[in-house]
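1. here is the input, now give the coordinates:
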Amino acid sequence: MLKLLSGEILKKKTECLVVPVCEDESIYDDPAINALIENARKIKEFKGKTDDSVILYDSAESKSERILFIGLGKLEKIDAETLRSFAGKTVKQLIKKDLTEIVLCAPSPEKLELKDGVVLSAIFEGAFLGNHIFDKYKKDKTAKPLNVVSVFTDSKIAKSCRLLPSRIEIICKGTILAREWVSMPSNEKRPDRFVRSMVKAAEKEDLSFSVLDEKALKQNGMGAILAVGVGSRSKPRLLILDYNPFKNKKSSKKKKTIVLVGKGVTFDTGGISLKPSAGLAEMKMDMSGAASVAATLITLARLKHKFRVVGVLPVVENMPSGNATRPGDIIKSYSGKTIEIGNTDAEGRLILADAMSYANKMFKPEVMIDMATLTGACVVALGEKIAGVFANDDQLAKDIVASGESVDERCWAMPMPDDYKTLLKSEFADINNMSNTRYGGAITAALFLSEFVEDTRWAHIDIAGPAYSKKGGDYCGAGGSGFGVRLLIDFLNKM
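-> The predicted structure follows:
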């Protein structure tokens, strides 16, 4: 649980008071905190450099059982992500000490040249996300998260930001929900089971939902989704989550509708075009786009968002079998376009094509954004910490990149040159799902998707790199990162 504190910090009793310290100058207006820092600086080995730390016990000046000082480095390099990382690392460190409650001191926003809400949001986010422990499948649960994390700040700032802790908690719970879905093993989330899990979470909120099973997919002519799922015993599904604050209000005025589409491949073997064994165990994360979109819809409902957002989630398992789709097969998509299967491992774009065409027809959105762990080529281009953004609207791409910067879910706008479309030409069908060259794979995948969005303002976010991590980071453990939830919430709030 997150709390916001103000007043006289030295009179507040806690197991641990945490004071972040700048290397070169004070970042606090509070004389009491500055006095504590001066005591800490008397210890020779503590300079306030990045990751420097020292603990003082039984301080005469404070009621805290211990005071932990942590270095942030030079002032000019401290930004929101510095604070987010500091809070996450600190919480992880103190979990190991079996503490239950801590207080983090927030530096003066003015001294950091940041807005009040930015400083507090970053510390709250890092602390809450760093406090998450995924041990569902472990018998011995040795670590316990902290019960309460409080952030101390100036009384005036605390008053203006009094609603911030509850809001950040809601958003971070959404991120953690997505993380846990992604980290869950594939035998626990085959398509029907994963959809049930998302529906169960959605039922608790103000969300409408519907599920298209295999029979309904056939009736609707969703040949691309069916082609990917046909090799598995667990049949595909299409889940629609609808957050509509206007559903009970009569008005002739057209209301804004945004559609989010998320790729949900619960395990990707590559199909007949079988993947190599190296890294195959990580293919449980190929439904990260669906997890983030579903968690975003649930979060929007909890936040009582102001306009309609619809999530369209195609969920399949891509398996080889005697029934599996073969390279060279030609299928008919929901849009009516025929697709030649150049590679069965290029399956994500197939299920997204049907989902986006369906979303366009049914909801006529003002903006459509799809999120998918789509291509290894995007990871080669941008690494494991940056998502690629492809859009038919430059401003839309810029807005997504800006939201990524705000929450440090970094994105980079990528090109979509029209002449590259010839690389997807098929001699036998309207389009091939695979480029005829090994180069520019992230671009040609995005160009394939662009054929199914018509005139809608659309962006594709390729999260193949940042969706999953073997090692984890400062405020995220190993496994699913929940990448995209905070990004989409920030983007939608600014629309």
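
2. care to break this structure down by domain?
-> According to automatic domain parsing, the chain comprises the domains 2-162, 169-494.

3. and the helices in the stretch 101-250 of the chain?
-> 109-112, 116-130, 155-160, 164-183, 191-203, 214-219, 223-229 (DSSP state H, counting those that start in this stretch).

4. sorry, back to before: I'd like the domains of the chain as a markdown table, with mean neighbour count appended.
-> All C-beta spots, glycine's among them, are computed from the backbone N, C-alpha and C. Converted to a markdown table, those look like this (neighbours: other C-beta atoms under 10 Å):
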| stretch | mean neighbour count |
| --- | --- |
| domain 2-162 | 18 |
| domain 169-494 | 20 |
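
5. out of the ones you listed, which gets the lowest mean score?
-> If these are sorted by mean pLDDT, domain 2-162 sits at the bottom with a mean of 93.

6. could you save the helices of the stretch 101-250 of the chain as a markdown table and add columns showing distance to Arg41?
-> Converted to a markdown table, the helices of the stretch 101-250 of the chain look like this (distance: least, C-beta to C-beta, whole Å):
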| stretch | distance to Arg41 |
| --- | --- |
| helix 109-112 | 17 |
| helix 116-130 | 22 |
| helix 155-160 | 25 |
| helix 164-183 | 31 |
| helix 191-203 | 48 |
| helix 214-219 | 66 |
| helix 223-229 | 61 |
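
7. nearest to Ser288, out of those?
-> helix 164-183 (5.0 Å; C-beta to C-beta).

8. which residues does Ile157 contact?
-> Neighbour list for Ile157: 6, 106, 109, 116, 120 [criterion: C-beta atoms under 8 Å, 6 or more residues apart in numbering].

9. swap the cut-off to 6 Å and go again
-> Applying C-beta atoms under 6 Å, 6 or more residues apart in numbering to Ile157 gives the contacts Asp116.

10. then Gly174?
-> Neighbours of Gly174 in contact, by C-beta under 6 Å, 6+ apart: 295, 299, 485.

11. before we move on, what about Lys255?
-> By C-beta under 6 Å, 6+ apart, the residues touching Lys255 are 246, 308.

12. which element is it on?
-> Using DSSP states H and E, Lys255 is not contained in any helix or strand.

13. send me the longest strand belonging to the chain as PDB with only the CA atoms.
-> Identified as the longest strand of the chain according to DSSP state E is strand 308-318. These are the backbone C-alpha positions of strand 308-318, laid out as PDB (Å, rounded to 0.1, in the frame of the first residue of the first chain):
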ATOM      1  CA  ARG A 308     -14.700   4.500 -24.800                       C
ATOM      2  CA  VAL A 309     -11.800   2.100 -25.300                       C
ATOM      3  CA  VAL A 310     -12.300  -1.300 -26.800                       C
ATOM      4  CA  GLY A 311      -9.700  -4.200 -26.500                       C
ATOM      5  CA  VAL A 312      -9.700  -6.800 -29.300                       C
ATOM      6  CA  LEU A 313      -7.600  -9.800 -28.400                       C
ATOM      7  CA  PRO A 314      -7.000 -12.700 -30.800                       C
ATOM      8  CA  VAL A 315      -5.700 -15.700 -28.700                       C
ATOM      9  CA  VAL A 316      -4.200 -18.800 -30.200                       C
ATOM     10  CA  GLU A 317      -1.500 -21.400 -29.700                       C
ATOM     11  CA  ASN A 318       0.800 -22.000 -32.700                       C
END
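
14. mind listing what that strand pairs with, with the direction of each?
-> strand 237-243 (antiparallel), strand 257-262 (parallel), strand 264-268 (parallel) (DSSP bridges).

15. between those, which gets nearest to Phe46?
-> Comparing the strands paired with strand 308-318 by C-beta to C-beta, strand 257-262 comes nearest, at 46.1 Å.

16. out of the contacts of Gly174, which are inside helices?
-> 295, 299, 485 (DSSP state H).

17. quick one, phi/psi of the spatially closest residue to Ser62 that is not a sequence neighbour?
-> Residue nearest to Ser62 in three dimensions, not counting chain neighbours: Leu10, with 4.6 Å by C-beta to C-beta, 6 or more residues apart in numbering. When read as degrees, to the nearest 10, the backbone of Leu10 gives phi -70, psi -20.
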